[in-house]
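1. mind looking at a prediction? Sequence and model below.
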Amino acid sequence: MRKPMMAGNWKMNKTVPEALALARQIHALVGGSAVVEQLLCPPSICLHALKMLAEEMPFSLGAQNCHWEESGAYTGEISPAMLRGLVDYVIIGHSERRQLFGESDETVNQKTRAALAHGITPVVCVGEMLEQNERGQTGETINRQVRAALDGLSGAQVQSSIIAYEPIWAIGTGRAATAGTAGDICGQVRAILGEMHGETVADTVRILYGGSTKPDNIGAIMREAHIDGALIGGAALEAASYAEMVRITGEMYGA
Ligand code: 13P
């Protein structure tokens, strides 16, 4: 009932021609999947070109960030009104934005609300730092981040959102969380959603795991009951590894 998603976060990689080439290579390798949603999140400058391509190819498009205002004097920013019609999804509060660009729980909440107000599904990222993990503060960190990000949203709006659990120590390190740990934390996220909006809402929200996912570990991760997909960094920059992750997930879900 929750459609599995393989989401590629390309971060600040790929020029427009490179992005088009990568999307075409992925399509040549894996084609359309009836059961796995393929979400590509390229740099925003590539979105328009990929949107044209997505009309022929079965992938969804997402932005990596957006501002919460409609328009105005915010040099360098992109508003959800500008993304409307171009993307289906927008990543909000990625840990790199939180750590390198000063995003707070509050701005994550503002952006989440703004995306939803424009009919764009927010992929809200949460995750603990290494020190928090080592001090046993993972649960409380996730609890605070999830509640803050979704503060003031209705149950229907939460149902229209995706949560991505990305432990910061696992991002780009080659050291993924074990499938069991990732599954437990995603289960905790679902329990928090249940406390906030009831089980029916919690059961429909897709929860992704991100952090050093690759073809070798995606099978174990996707077997976890509360994990509905992956937010993939490095492995999504190579057509072969991303396509393989889509294929493995598709097989597990009976494609
Ligand atoms: P890696 O898959 O490179 O660890 O990156 C994960 C990530 O940050 C996706 O948003």
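-> Arrived safely.

2. could you look up the SS state of the residue lying closest to residue 24 once chain neighbours are set aside?
-> Distances taken as CB to CB, 6 or more residues apart in numbering put residue 53 closest to residue 24, at 7.3 Å, once the chain neighbours are dropped. For the C-beta atoms, the positions are set from N, CA and C on the backbone; glycine is no exception. Residue 53 falls in the helix class when you classify it by DSSP: H, G, I helix; E, B strand; the rest coil.

3. element containing residue 58, please.
-> In the assignment (DSSP states H and E), residue 58 maps to no helix and no strand.

4. same check on residue 224?
-> Applying DSSP H and E, one finds residue 224 in no helix or strand.

5. from memory it sits against residue 179, does it?
-> Yes - using CB atoms under 8 Å, residue 224 is in contact with residue 179, at 5.6 Å.

6. please name the residues that touch the residue of the stretch 151-255 of the chain found nearest the ligand.
-> At 2.2 Å from the ligand, residue 233 is the closest residue in the stretch 151-255 of the chain, using CB to the nearest ligand atom. Contact analysis of residue 233 by CB atoms under 8 Å, 6 or more residues apart in numbering lists 9, 11, 171-172, 210.

7. from those residues, which are also near the ligand?
-> Residues of these in contact with the ligand (CB under 6 Å from any ligand atom): 9, 171-172, 210.

8. residues in contact with residue 168?
-> 95, 99, 127-130.

9. again, only using 7 Å
-> Neighbouring residues of residue 168 by CB atoms under 7 Å, 6 or more residues apart in numbering: 95, 127-130.

10. repeat that for residue 213.
-> So residue 213 contacts 176, 221, 230, 232, 235 (CB under 7 Å, 6+ apart).

11. repeat the analysis, applying 6 Å as the threshold.
-> 230, 232 (CB atoms under 6 Å, 6 or more residues apart in numbering).

12. likewise for residue 112?
-> Counting by CB under 6 Å, 6+ apart, residue 112 touches 92, 122, 124, 149.

13. ok, and the most crowded of the residues you listed?
-> Neighbour tally across those (other CB atoms under 10 Å): the maximum, 31 neighbours, falls on residue 92.

14. quick check: bridge partners of that residue?
-> residue 124 (DSSP bridges).

15. I'd say it and residue 120 touch.
-> No - between residue 92 and residue 120 there is no contact under CB atoms under 6 Å: 9.7 Å.
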